[in-house]
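>>> quick one, what's the 3D model for this:
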Amino acid sequence: MKTDDLVSLLAAHAAPVPQNAVGRRFAVALGWSLPAAVLLLVVVLGLRADLAQAAGKLMFWIKPGFAAGLALAALLAAERLARPGMRLGRVWAGLATPVLALWLLAAVVLLDAAPAQRAQLVFGDTWKSCPVNIAFISLPLLAATLWAIKGLAPTRLALAGASAGLLAGALGALVYALHCPESTAPFMAVWYLLGIAIPTLAGALLGPRLLRW
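Purely as a prediction, here's the structure:
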């Protein structure tokens, strides 16, 4: 059989792709993994003891606001990279904006603080455990996002895996905010980003191995 004939035969029996298949697959993946991450947090780490009181302060909402903004941009990136030949385009700006905004806020806070207070603002009391905890909470999310992309048609496997890890890490940071006692921008600008970077790097390394067609 000639190649053209084979292509025509395959095309004739090809089923149409369901509308919004990419979005539906991610919805399924996040629909179970996000509650799983919350459950993991509650069982292993527990909720912040003063969560109700902390939620009444503006600084508390910077953590979920930053994480949610980064997660939204990461979702857009992952959805694009799950399709063959797609480039990120303006999504890069969406990814950079929450990070740059957090760094800017952290710089303002540090410049306004007394020199003796700056180390505490950066390190807090939980800098050693924060990145590890975020990465840990991200595990079910990373498995789910990689599964979502695996079932689609990525061609830039390392970048697609990194986007899956970034989405998992950002959502993991969002969930971890329910436990984290820290509330300063300099702390988040270092240790939250490091915690998000761990699943991002893991996704980039796993992508070429797990996301092949």
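
>>> neighbours of P181, just the number please.
Neighbour count for P181, taken as other C-beta atoms under 10 Å: 13. All C-beta atoms are positioned from the backbone trio N, CA, C, and that covers glycine.

>>> give me the pLDDT value at it.
Here, the pLDDT recorded for P181 equals 93.

>>> check Q19 too.
At Q19, pLDDT is 55.

>>> middle-most residue in the protein, spatially?
L167 (2.3 Å; C-alpha atoms, centre = their mean).

>>> that residue and L104, how far apart?
Here L167 is placed at a distance of 23 Å from L104 (C-beta to C-beta, to the nearest Å).

>>> rewinding a little: isn't the residue nearest to the centre of the chain right up against L141?
Yes - at 7.2 Å, L167 counts as touching L141 under the criterion of C-beta atoms under 8 Å.

>>> what's the mean pLDDT across the helix or strand containing G172?
Using DSSP states H and E, the element containing G172 is helix 157-176. For helix 157-176, the mean pLDDT works out to 96.

>>> which element follows it toward the C-terminus?
Beyond helix 157-176 in the direction of the C-terminus, DSSP H and E gives the next helix or strand as helix 185-187.

>>> show me what that next one is packed against.
helix 91-112, helix 115-123 (3 or more C-beta pairs under 8 Å, 6 or more residues apart in numbering; DSSP states H and E).

>>> buried deepest among the ones you listed, which one?
helix 91-112 (a mean of 15; mean count of other C-beta atoms under 10 Å).

>>> thanks a lot, see you next time.
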